[in-house]
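# Got a sequence here, can you model it:
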Amino acid sequence: MKKFVFSLFCILSVIILSSCHKAVKSEQHGTATLIVKYDEATVKTYQDIPIQADETVLELLQSRTRVTLKSGIITEIDGITQIESSNLYWLFKVNDKLADKGVAETKVKAGSKIEFYLGEFK
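This next block holds a predicted model:
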């Protein structure tokens, strides 16, 4: 009888503990590097940022800086705005290649180097 009660107690404990488990959005899947070039003299580098599964470049950037968006396009990072009159906009590269998708569509992969800079949009 003691074994039965003990087994029942163990099973109930597992059920109760598993039901109290908080669902986590995703697990950590490596790290990435984020570089923000505000101008030639001011560059911030964030290394070994833990990334989550399906994390976007926008989410990574927002985890380290203040970002302003307009229609899904970055217009300001940490108070530095794009300069439309000079055709300078916030652009980004992934592993030294100009991104071919927007910040909200581009997923961060382990080991990636993401670089934001004010550049001429062609």
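# Contacts for the one helix or strand residue 90 maps to next, please.
Using DSSP states H and E, residue 90 maps to strand 88-94. Outside strand 88-94, the residues within contact range by Cβ atoms under 8 Å, 6 or more residues apart in numbering are 57, 73-77, 82, 98-99, 103, 106, 112-121. C-betas here are computed from N, CA, C, even on glycine.
# Can you tell me, leaving aside adjacent residues, what's nearest to residue 96?
residue 113 (7.1 Å; Cβ to Cβ, 6 or more residues apart in numbering).
# and the residue nearest to the spatial centre of the chain, which of the three is it?
Ranked by distance to the mean C-alpha position of the chain (Cα atoms, centre = their mean), the top residue is residue 60 at 2.2 Å. Three-state assignment for residue 60 (DSSP: H, G, I helix; E, B strand; the rest coil): helix.
# Report the contact partners of it.
If you count contacts by Cβ under 8 Å, 6+ apart, residue 60 has them with 32, 34, 49, 51, 108, 114.
# got a winner among these for most neighbours?
residue 108 (25 neighbours; other Cβ atoms under 10 Å).
# Against residue 42, how distant is that residue?
23 Å (Cβ to Cβ, to the nearest Å).
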